[in-house]
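Build the 3D model from these lines:
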Amino acid sequence: MEATQSSHPYVPRDLELPGYVPVSLSQLTILGAYGIASVLVVAFIWFLSGSPKRSTVDRVLMCWWAFTGLTHMILEGYFVFSPEFYKEKSAFYLSEVWKEYSKGDSRYAGRDSAILAVEGLTAVLEGPASLLAVYAIAKGKSYSYILQFAISLGQLYGTAVYFITALLEGDDFAASPLYYYVYYVIMNSFWIVIPTAISVRCWKKTCAAFNNEGQKKVKSR
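Alright, predicted model coming up:
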């Protein structure tokens, strides 16, 4: 028999999720697997990026772009293209992630149109662009700063839409204050603080490059 709409743990309680299957993996397993995978990605990129000619900041940025790019493409990509993840019975890790995260924001389980639009653009555009940023930094490409600036602005815009639409809709989508602050607030705050810092850095680097070019032209006259 299919689960009734009241059998899920999400808020609002009248959210209709016919066929909902409860989370099989423990919270520790879900968060632990994500944490370990993230550490492995960062460690791998840090190891590959080791070079006397490459600054520590660039190496850290390569790690960030690899981490965020894979997160966008794999986790968010799965959400976008799996509309009935909450019905998954096999304890497939990616579906378990979104069943668990929906406790902090039930708009994911409910397939909210704003969430779907933001996550779709993020997975399809910002994910691959983030991996391109890793390559651009590694190879010292001229478009590196512009690319990082553009992706960071996209992330800030997406995060702003994410929070603002929640506020406009009542901001009552978490199963408890713990899920609200840990999943909804703290986890998403990384995509505010880090893109802001990168945007400021790239803006300064780009302005400095244009100023230097202008000075060279003046001296050559």
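
Show me which helix runs longest in the protein.
Across the chain, the longest stretch assigned as helix under DSSP state H is helix 187-220.

helices or strands up against it?
Using 3 or more C-beta pairs under 8 Å, 6 or more residues apart in numbering; DSSP states H and E as the contact test, the elements touching helix 187-220 are helix 56-70, helix 144-168. C-betas here are computed from N, CA, C, even on glycine.

list the buried ones in the helix or strand following the last one?
Think helix 144-168. Next along the chain after helix 144-168, taking DSSP states H and E as the criterion, comes helix 177-179. Of the residues in helix 177-179, those with enough neighbours to count as buried (16 or more other C-beta atoms under 10 Å) are Tyr179.

Now tell me what touches helix 177-179 from outside.
The list of residues contacting helix 177-179 from outside it, by C-beta atoms under 8 Å, 6 or more residues apart in numbering, reads Lys103, Gly104.

hmm, back to that, what would the helices and strands packed on helix 187-220 look like in TSV with mean neighbour count?
Written out in TSV, the entries for those read as follows (neighbours: other C-beta atoms under 10 Å):
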stretch	mean neighbour count
helix 56-70	19
helix 144-168	18
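
what's the angle between the helix or strand of the chain with the lowest mean pLDDT and helix 144-168?
Using mean pLDDT, DSSP states H and E, the weakest-scoring helix or strand in the chain turns out to be helix 187-220, at a mean of 87. Between helix 187-220 and helix 144-168, the angle comes out at 140 degrees (axes from the mean of the first three to the mean of the last three C-alpha atoms, to 10 degrees).

count of neighbours near Gly120?
Residue neighbour count, defined by other C-beta atoms under 10 Å, stands at 15 for Gly120.

Quick check: phi and psi at it.
The phi and psi values for Gly120, taken as degrees, to the nearest 10, are phi -60, psi -50.
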